[in-house]
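J.: just coords:
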């Protein structure tokens, strides 16, 4: 297997789903926000979450008619979180993926509405896709279970909850411990990765025990991914990252690297990634590409 070629093919498929379900015609009185939604959604993301979702679905039995909609919906939710995260009230970033952030191009008010609109469209997209499996009770049940996961992992007990504590800690100068940072990582980053893997597993027909394993895989991958992000904020190349480095230090933000140091942080990325691969190995089904993708995440430069 040539991993890089396989990854490009899978990213291309994910991009097609994002365009099919996520891109809107820029017309009508609300065309400005539609333009901002398209701008944000098509700004060059890695599409790792929808790729993971499709691989998990394949691992447990194949494609579901609603899979493409769920892939696009998860990417819309991820994108909305980035649009809001970049706002002056949050991280105040001017660049994302090498492009001006949404609030720089369209203004803060329209960026807020853009995030709101992307979140709503994500759920709207999935709801409409249920028609594709309406004649099959089993496939409908899987899709509804997947929708429950999507809403839970995106909300206050998932991604939003992690964001809340992250912002609150920074605003109130709370000194973060390793445990509290890992809490933020599990929710802020890990929850959507867990959503990708568990939704894919559910749509593919996994048992509850198998879904539970995939949730643990997602947690380990999410923590490793965010630790790597903290490392790249110190060591990364701005031209490759598509955004400035050193923003955490500039904002006096406590990070995993601040607490543990670069050497230990790098070792922990490997440890969590290896844990994810080991968990996958406990299943009686194999997906070589998914294992390689997890390993790829720890060696990425952006």
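T.: Arrived safely, thanks for sending. Please read all numbers here as calculations on a predicted model, not as lab measurements.
J.: For residue 154, give me its contacts.
T.: 77, 119, 160, 191, 192, 195 (CB atoms under 8 Å, 6 or more residues apart in numbering). The C-beta positions use only the backbone N, C-alpha and C, and glycine is treated the same way.
J.: Low-confidence stretches in the stretch 51-200 of the chain?
T.: Within the stretch 51-200 of the chain, no stretch has pLDDT under 70.
J.: let's see 90
T.: Low-confidence segments of the stretch 51-200 of the chain, defined by pLDDT under 90, are located at 61-63, 91, 96-98, 170-175.
J.: what about the helices in it?
T.: For the stretch 51-200 of the chain, the helices defined by DSSP state H, counting those that start in this stretch cover 67-85, 102-106, 108-129, 137-154, 159-171, 178-184, 190-204.
J.: In TSV, list the ones you listed along with distance to residue 41.
T.: Putting those into TSV (distance: least, CB to CB, whole Å) gives the following:
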stretch	distance to residue 41
helix 67-85	5
helix 102-106	10
helix 108-129	7
helix 137-154	16
helix 159-171	17
helix 178-184	25
helix 190-204	15
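J.: if we can go back for a sec, most neighbours, which of the contacts of residue 154?
T.: With neighbours defined as other CB atoms under 10 Å, the most crowded of those is residue 195; it has 29 neighbours.
J.: and that one, how far is that from residue 181?
T.: 21 Å (CB to CB, to the nearest Å).
J.: do the same with residue 40
T.: 28 Å.
J.: Repeat that for residue 47.
T.: Taken as CB to CB, the span from residue 47 to residue 181 is 27 Å.
J.: Same check on residue 5?
T.: 36 Å.
J.: One more: residue 194?
T.: 18 Å.
J.: Of these two, which one has the most company?
T.: residue 194 (27 against 23).
J.: can you pull the contacts of the more buried one?
T.: 153, 158, 214, 215, 218, 219, 222.
J.: Turn the buried ones among the residues you listed into a named ChimeraX selection, would you?
T.: To isolate in ChimeraX the members of those that are buried, counting by 16 or more other CB atoms under 10 Å, one can use:
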select :153,158,214,215,218,219,222
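J.: Identify the farthest-apart pair in the contacts of residue 194.
T.: Greatest spatial distance among the contacts of residue 194 (CB to CB): 158 and 214, at 15.3 Å.
J.: Could you report the neighbour count for the residue nearest to residue 91 when sequence neighbours are not counted?
T.: Distances taken as CB to CB, 6 or more residues apart in numbering place residue 85 nearest to residue 91, at 5.5 Å, with adjacent residues excluded. By the criterion of other CB under 10 Å, residue 85 has 18 neighbours.
J.: Isn't residue 111 up against residue 87?
T.: Yes: using CB atoms under 8 Å, residue 111 is in contact with residue 87, at 6.1 Å.
J.: Since that was my last question, I'll sign off now.
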